[in-house]
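Q: 3D, please:
(one chain, ligands or ions: 2)
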Amino acid sequence: MVQRSARLLLIASTAAALATASQALGAEPAFTNLHVLSKDIEVVQLLAQMQMFEAGLGKDCDYCHVVVGTVAPGGPGRLPTGFDFALDDKPTKRIARQMMVMSRTINAMTPAAVGKTAENTEPVQCFNCHRGMATPPVPLRDILDRTTAQKGLSVAIAQYRELRSKYYGSAAYDFSDTPIGEGAGSGTGGLQGYAAQLFFQGRIDDALAWLNVNLEFYPKSAATWATIAFVQGLVKHNKTEAIRSLQKAIAIEPQSTQLKAQLGVLEALP
Ligand code: HEC
Ligand code: HEC
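A: Ligands and ions are numbered 1, 2, ... in the order given. Have a look, this model is predicted:
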């Protein structure tokens with residue numbers, strides 16, 4: 001009996017605690033400067049939006065919001081302190097608001113474009129463009145191309161090394177050992193992909209230089225050796241070097257019939 005009433009008491013006090021907690025959640029500060037989000041949005045939902053911004057851009061609250069005091073972290077349904085969130089002083093906040101409007105416009109168009117219902121269509125988030133960066137990253141090959149045009153190949157190669165050491169593992173740039181297309185990863189294509197692009201532009205020496213940079217990071221990339229062999233044999237007409245490069249690929253993947261067939265082609269060259 002005593003035990004039962006103790007349990008009831010426990011249930012009652014838990015219920016009271018929950019009521020107080022939900023009251024605390026319900027006692028929301030009035031948001032005074034919302035122009036895109038609904039004015040009566042709950043704190044929890046607003047925070048989820050703001051965290052989506054943070055993850056999308058790789059930045060904290062203070063990237064967009066003015067700090068006016070000592071910053072202390074918030075909690076579930078509780079805003080951090082030390083900010084005046086309503087202020088629009090920071091240009092980043094004003095831009096972010098325009099970006100929200102832009103994203104909504106895109107999201108309103110997508111269902112019709114892909115022929116799906118709105119519920120079944122994935123909306124774009126800040127991350128889709130921003131990839132965790134304040135300014136959306138452009139494909140690595142575009143950056144390298146611009147630097148090569150402006151400052152030369154060796155500066156571009158140095159830039160590649162620097163970006164790789166800084167951003168490897170982030171969502172911003174593709175440093176993988178995959179060309180673009182079937183079987184490749186989900187990125188923009190690594191240096192193999194860039195080299196292929198240069199090859200088709202007739203920039204053969206640049207392509208070879210980048211394939212060699214790729215080998216520094218992926219010495220066991222048989223595909224890279226095979227591409228080098230192809231360029232050396234069929235474009236540079238250097239049969240001996242081509243065969244030597246292809247032997248490197250075969251040593252890495254001795255069971256590949258494709259590489260053996262390529263060796264046959266190179267050996268048949270005059
Ligand atoms: C990339 C910029 C950006 C970041 C980062 C960001 N916010 Fe915001 N925040 C905004 C924008 C834009 C609005 C206004 C939205 C609107 O007009 O509907 C806003 C509005 C708010 C508001 C409502 C203010 C009011 O009274 O009108 C609060 C509270 C808030 N943010 C909290 C946060 C918190 C907490 C963080 C960090 C976890 C954060 N924000 C991170 C851009 C940002
Ligand atoms: C469709 C692609 C796209 C989406 C989605 C997108 N942005 Fe952007 N954002 C851009 C581009 C492009 C720029 C400008 C790049 C430049 O300055 O060259 C930019 C710039 C910005 C900047 C200015 C950065 C600076 O340092 O100058 C902010 C802040 C920003 N976006 C916030 C957001 C937020 C928040 C979201 C999600 C609500 C978002 N963006 C969604 C493409 C996008």
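Q: Assign a three-state SS to residue 82, would you?
A: The assignment at residue 82 comes out as strand when based on DSSP: H, G, I helix; E, B strand; the rest coil.
Q: That one against residue 73, yeah?
A: No - counting by C-beta atoms under 8 Å, residue 82 does not reach residue 73; the two are 9.7 Å apart. The way it works is simple: take the backbone N, C-alpha and C, and place the C-beta from them, glycine included.
Q: So which of these two has more stuff around it?
A: residue 82 (16 against 10; other C-beta atoms under 10 Å).
Q: Could you find the closest non-adjacent residue to that one?
A: Among residues not flanking residue 82 along the chain, residue 71 sits closest, at 3.6 Å (C-beta to C-beta, 6 or more residues apart in numbering).
Q: and that neighbour, how many residues sit next to it?
A: Neighbour count for residue 71, taken as other C-beta under 10 Å: 13.
Q: Got phi/psi on it?
A: Dihedral angles of residue 71 (phi, psi; degrees, to the nearest 10) stand at phi -80, psi 130.
Q: That one: what's it in contact with?
A: The contact partners of residue 71, taken as C-beta atoms under 8 Å, 6 or more residues apart in numbering, are 62, 80, 81, 82, 83.
Q: Tell me the confidence at residue 16?
A: If you check residue 16, the pLDDT there is 42.
Q: Find the nearest non-adjacent residue to the residue of the stretch 151-270 of the chain found nearest ligand 2, please.
A: Closest residue of the stretch 151-270 of the chain to ligand 2, C-beta to the nearest ligand atom: residue 172 (13.4 Å). Spatial nearest neighbour of residue 172, excluding adjacent residues (C-beta to C-beta, 6+ apart): residue 137 at 4.2 Å.
Q: quick one: contacts for the one you found?
A: 131, 172, 173.
Q: Put together a markdown table for these, with distance to residue 239 and secondary structure on each row.
A: Shown next, in a markdown table, are these (distance: C-beta to C-beta, whole Å; DSSP: H, G, I helix; E, B strand; the rest coil):
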| residue | distance to residue 239 | secondary structure |
| --- | --- | --- |
| 131 | 44 | coil |
| 172 | 41 | coil |
| 173 | 36 | coil |
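Q: Columns neighbour count on top of those residues, output as CSV?
A: Output for the contacts of residue 137, formatted as CSV (neighbours: other C-beta atoms under 10 Å):
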residue, neighbour count
131, 17
172, 19
173, 23
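Q: What lies in contact with whichever strand or helix holds residue 97?
A: Using DSSP states H and E, residue 97 sits in helix 91-114. For helix 91-114, contacts defined as C-beta under 8 Å, 6+ apart pick out 35-37, 53, 63-65, 87-88, 117-118, 120-121, 123-126, 134.
Q: at 7 Å what do you get?
A: Here helix 91-114 makes contact (C-beta atoms under 7 Å, 6 or more residues apart in numbering) with 35-36, 53, 63-65, 88, 117-118, 121, 123-124, 126.
Q: Can you give me the buried ones in it?
A: 92, 93, 96, 97, 99, 100, 103 (16 or more other C-beta atoms under 10 Å).
Q: Just the CA trace of it, in PDB.
A: Provided in PDB are the C-alpha atoms of helix 91-114 (Å, rounded to 0.1, in the frame of the first residue of the first chain):
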ATOM      1  CA  PRO A  91      24.900  42.000 -43.600                       C
ATOM      2  CA  THR A  92      25.200  38.200 -43.400                       C
ATOM      3  CA  LYS A  93      21.900  38.000 -41.600                       C
ATOM      4  CA  ARG A  94      20.200  40.200 -44.300                       C
ATOM      5  CA  ILE A  95      21.800  38.100 -47.000                       C
ATOM      6  CA  ALA A  96      20.700  34.900 -45.200                       C
ATOM      7  CA  ARG A  97      17.100  36.200 -45.200                       C
ATOM      8  CA  GLN A  98      17.200  36.700 -49.000                       C
ATOM      9  CA  MET A  99      18.700  33.200 -49.300                       C
ATOM     10  CA  MET A 100      15.700  31.800 -47.400                       C
ATOM     11  CA  VAL A 101      13.400  33.500 -49.900                       C
ATOM     12  CA  MET A 102      15.500  32.200 -52.800                       C
ATOM     13  CA  SER A 103      15.400  28.700 -51.400                       C
ATOM     14  CA  ARG A 104      11.600  28.900 -51.000                       C
ATOM     15  CA  THR A 105      11.300  29.900 -54.700                       C
ATOM     16  CA  ILE A 106      13.500  27.000 -55.800                       C
ATOM     17  CA  ASN A 107      11.500  24.600 -53.600                       C
ATOM     18  CA  ALA A 108       8.200  25.900 -55.000                       C
ATOM     19  CA  MET A 109       9.500  25.000 -58.500                       C
ATOM     20  CA  THR A 110      11.100  21.600 -57.900                       C
ATOM     21  CA  PRO A 111       8.000  19.300 -57.500                       C
ATOM     22  CA  ALA A 112       6.700  20.300 -61.000                       C
ATOM     23  CA  ALA A 113      10.200  20.000 -62.500                       C
ATOM     24  CA  VAL A 114      10.700  16.400 -61.200                       C
END
